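S.K.: Quick one, what's the 3D model for this:
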Amino acid sequence: MRRAEALRLIREQSAFHDATQTIISSGHKRQQIVTREDKVGMIARELVLDLKQAVKQDELTLSYQPKHDAGGAIIGVEALIRWQHPRYGFVSPLMIITLAEDSGVIHSLGRWVIEQSCACKSRWNKLGYKNLSMAVNVSPIQLTDKDLPNFINNCIGNNGLLASELELEITESSEIPDDELTDFILDKLSATGVKLAMDDFGMGYSSLLHMRRFQVAAIKIDGSITREVLTNQMNADIVRTIASLGKSQGVQVVAEYVETLEQRQALSNMGCDVFQGYYHSPPLNETDCVAYFLTHQKKVD
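M.R.: Next comes the predicted model:
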């Protein structure tokens, strides 16, 4: 019986691993997952139900990855979703977002992340870290929620924050709707005073169009570009071009997936302003972040 149970668990984890790979890759193609009539669809539907429950029961957690300026000082963090599933264990954040967008759970999940991030920032402010920014990822699908600006305003006010302490990183996990409602919501978000950033910025038409479409405070260069900047001349040229564009528009240029000193120095020489990645720090829990702050920046009253 023990051998049979062990084999069952192995098969279950193998099926979960295969489903994870399929769901993540399908998400980039915007294929609906939860309606699939196969093992992947079955696992996806199960996870969506569990995800809804996890949001309601506060069973998710956030980690925070530090961002550093060119001088090495920490200037802020990015909040990142984490989920330890009771049956499958660690669930990839990409899988979480893909399933959430596919099922509509992204709205409740996104609001949960914003609430938790603002509450965490408020606790850090009381410890003297008011000058650090909190970045939160926002799916383009959330930009169809006309109440999102008011919700964010309330979160900021309820936690005693300044709007400028919060940065919304708009991901390109799916296309940003090109309609009047989305433009209205983007304008209302800008009016709140929060900073808007473009995540996974590249040289594609959509990235450039969005930069013209709404007020952007920062652009984060796509990790597929920054990872190979030392070995791929085309990637290096793209970084220089994006950095030049950012400077001409007065926009902060952020390089993520920075993993070595050589890579960081090269990106800095190419014009990047902010650096995020394992060279500086992996994502940390709230308590470990405070210890990290103590060694990397001074408190501000």
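S.K.: mind showing which ranges of the stretch 51-200 of the chain have poor pLDDT?
M.R.: Across the stretch 51-200 of the chain, the ranges flagged by pLDDT under 70 are 172-174.
S.K.: how about the helices in the protein?
M.R.: Using DSSP state H, the helices of the chain run over 2-28, 39-56, 93-103, 106-126, 148-158, 180-192, 205-213, 223-226, 233-248, 261-269, 286-296.
S.K.: Ok, which of the ones you listed comes nearest residue 170?
M.R.: helix 205-213 (7.6 Å; C-beta to C-beta). Placement of C-beta: from N, CA and C, glycine included.
S.K.: circling back to that earlier point, point out the most buried one among the helices of the chain.
M.R.: Greatest average neighbour count among these goes to helix 93-103 (a mean of 22), per mean count of other C-beta atoms under 10 Å.
S.K.: Okay, angle between that helix and helix 106-126 too, please.
M.R.: Between helix 93-103 and helix 106-126, the angle comes out at 130 degrees (axes from the mean of the first three to the mean of the last three C-alpha atoms, to 10 degrees).
S.K.: relative orientation of helix 93-103 and helix 39-56 in degrees?
M.R.: 90 degrees.
S.K.: distance between helix 93-103 and the chain's centre?
M.R.: Its chain's C-alpha centre lies 12 Å from the corresponding centre of helix 93-103 when counted by C-alpha atoms, centre = their mean, to the nearest Å.
S.K.: sorry, back to before: output the helices of the chain as TSV; include the columns distance to residue 166.
M.R.: Listed next are the helices of the chain as TSV, based on distance: least, C-beta to C-beta, whole Å:
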stretch	distance to residue 166
helix 2-28	26
helix 39-56	20
helix 93-103	19
helix 106-126	7
helix 148-158	6
helix 180-192	9
helix 205-213	19
helix 223-226	23
helix 233-248	21
helix 261-269	25
helix 286-296	16
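S.K.: tell me the pLDDT at residue 25?
M.R.: In this model, residue 25 is scored at 71, pLDDT.
S.K.: which ones are touching it?
M.R.: Taking C-beta atoms under 8 Å, 6 or more residues apart in numbering as the criterion, residue 25 is in contact with no other residue.
S.K.: Please report how far it lies from residue 98.
M.R.: Distance of residue 25 to residue 98, computed by C-beta to C-beta, to the nearest Å: 9 Å.
S.K.: and what of residue 273?
M.R.: 30 Å.
S.K.: swap in residue 39?
M.R.: Counting by C-beta to C-beta - residue 39 and residue 98 are separated by 17 Å.
S.K.: Could you do residue 175 as well?
M.R.: For residue 175, the distance to residue 98 - C-beta to C-beta - is 14 Å.
S.K.: Residue 185 touches residue 148, doesn't it?
M.R.: Yes - counting by C-beta atoms under 8 Å, residue 185 touches residue 148, with 6.1 Å between them.
S.K.: shared neighbours of the two, anything?
M.R.: Counting by C-beta under 8 Å, 6+ apart, nothing touches both residue 185 and residue 148.
S.K.: Just give me the neighbour total for the residue nearest to residue 201 when sequence neighbours are not counted.
M.R.: Distances taken as C-beta to C-beta, 6 or more residues apart in numbering put residue 219 closest to residue 201, at 4.2 Å, once the chain neighbours are dropped. Per other C-beta atoms under 10 Å, the neighbour tally for residue 219 reads 25.
S.K.: From what I see, residue 219 and residue 256 are in contact.
M.R.: No - taking C-beta under 8 Å as the definition, residue 219 is not a contact partner of residue 256, at 11.0 Å.
S.K.: what's the span of stretch 215-228, first residue to last?
M.R.: In stretch 215-228, first residue to last residue: 29 Å (C-alpha to C-alpha, to the nearest Å).
S.K.: what's the answer for stretch 276-288, then?
M.R.: End-to-end distance (C-alpha to C-alpha), stretch 276-288: 17 Å.
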